[in-house]
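> Fold the following for me, if possible:
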Amino acid sequence: MKCDSSAKASLALCALFLGSAILPGCNADRGGGELALSDDGLTQCSDPESPFPALFNRSVINRELATTPALRSAFGASEVNTCEEALHYRSHFMAYETSQLRTESDQEEPPAPQGGTEKIHVGTGVRSGFGIVEILTSANVPCTAFFITDRHLYTAAHCFGKPGEEPRTGNQSITYRARDLPTGSRQQTGIVHIPDTYSSGHRSDDVAIVALAFAEPWATAQNRFRLYVGPTVVGTNLQIYGYGANVYAGTGGGSLRVGKDRTPIRLAAHQDGYFRANANTARTCLGDSGGPAIKEGAALIVWGSAAGFKSSYNDACPHSDEEMFWAKTGYNINSGFVEGALGFSCRRGTSEGQAYLQCW
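Below you'll find the predicted structure:
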């Protein structure tokens, strides 16, 4: 997901929360409506709709107004200069973005790329986030995450480092959003926990748990996930979810999708702490990292979190039969990482033969 005119579905997150860093000298209590927006970087503004401050990037907002006539017409102005105007813009932007979202019934496959017949399947749109969110980390990396308590998100470790860099742990600013989250987007400070054994490219422990500063009311028991701790069984069908791109070029992110017509992946092989599947109708792309692979039944139980894929084409999505990888939840539970990061013990249970960890 990139902040440019080719990634319309992601622009609300990019334009309003780009970077997710609190700027020194920006005072959210200093008469929010009168605070001038910086021309370079982010400005923090009091948000009357949330206990959390809102961050705005004036140059991104004004560029979007200049290039989107329909949005400019709805907003009634060609630029923003103050927090009050930025908050007004946000309400129009969210309404505009919602109007542009395609529903399940009108999703179509994009055209085949030049020079071949391979298609990336758009996937079936998911109307409710049910505990799965898109996150933007302080490394400015978009990923997918899911709640395991009302204060803890489970995602991928590599989401907290820029390409080629080791991820950062500790206190960070996290922005997360889902289509049915009451405020649309939320920003919080969170403590990022990553296994001590993780290093860039290591799939088995490419996991992170984010302990949010405040409980998220939306993350009710119905919007939390259990984690699988049983044996890995080749041939198991799993549903995969994510907010990532849906074409090779890397655009189309920002909407939660599952495999087209709810086609699952088939667990093809496993070793150490990860398993793999081959890309066919369902596949992961950039932005899906951290997203869950779920065996759906009486309970929603996550077997693994997306840890990347191989692409010999250097595209944003794997081509047919290329490999995709998920870090096993059981491996990171048995290592002691999950409960160590949470700071408390979770209870064990079984549902339809699946042994799981439940942390609420």
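
> so what's Lys65 up against?
Quick fix: residue 65 is Leu, not Lys. Shown in contact with Leu65 (CB atoms under 8 Å, 6 or more residues apart in numbering): Leu71, Arg72, Phe75, Ala77, Ser78, Glu79, Val80, Tyr89. From N, CA and C alone the C-beta is placed, and that goes for glycine too.

> and the first one, that's in a helix?
Pointing back at Leu71 there. Yes. Under DSSP: H, G, I helix; E, B strand; the rest coil, Leu71 sits within a helix.

> filter the contacts of Leu65 to the buried ones?
For those, a neighbour count by 16 or more other CB atoms under 10 Å gives the buried set as Leu71, Arg72, Phe75, Val80, Tyr89.

> SS state for Tyr313?
Applying three-state DSSP: Tyr313 is coil.

> Test my guess that it contacts Ser320.
No. Using CB atoms under 8 Å, Tyr313 is not in contact with Ser320, being 11.2 Å away.

> what sits in contact with each of those two?
Joint contacts of Tyr313 and Ser320 (CB under 8 Å, 6+ apart) do not exist.

> pLDDT added to the buried ones among the contacts of Leu65, as CSV?
Below are the buried ones among the contacts of Leu65 laid out as CSV (pLDDT from 0 to 100):
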residue, pLDDT
Leu71, 77
Arg72, 86
Phe75, 85
Val80, 87
Tyr89, 79
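
> okay, those in JSON lines with distance to Tyr331 next?
Shown next, in JSON lines, are the buried ones among the contacts of Leu65 (distance: CB to CB, whole Å):
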{"residue": "Leu71", "distance to Tyr331": "46"}
{"residue": "Arg72", "distance to Tyr331": "51"}
{"residue": "Phe75", "distance to Tyr331": "49"}
{"residue": "Val80", "distance to Tyr331": "48"}
{"residue": "Tyr89", "distance to Tyr331": "45"}
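
> quick check, nearest of these to Ala268?
Leu71 (44.3 Å; CB to CB).

> Tyr248 should be in a strand, yeah?
No. Counting by three-state DSSP, Tyr248 falls outside a strand, being coil.

> per-residue pLDDT, it?
We have a pLDDT of 80 for Tyr248.

> Equivalent analysis for Cys14, please.
Reading off the confidence values, Cys14 has pLDDT 32.

> start at 464 instead
Done: numbering now begins at 464, and the last item shifts to Cys477.

> thinking again about what came up before, out of the buried ones among the contacts of Leu528, which comes closest to Gly760?
Leu534 (43.0 Å).

> Cheers, nothing more for now.
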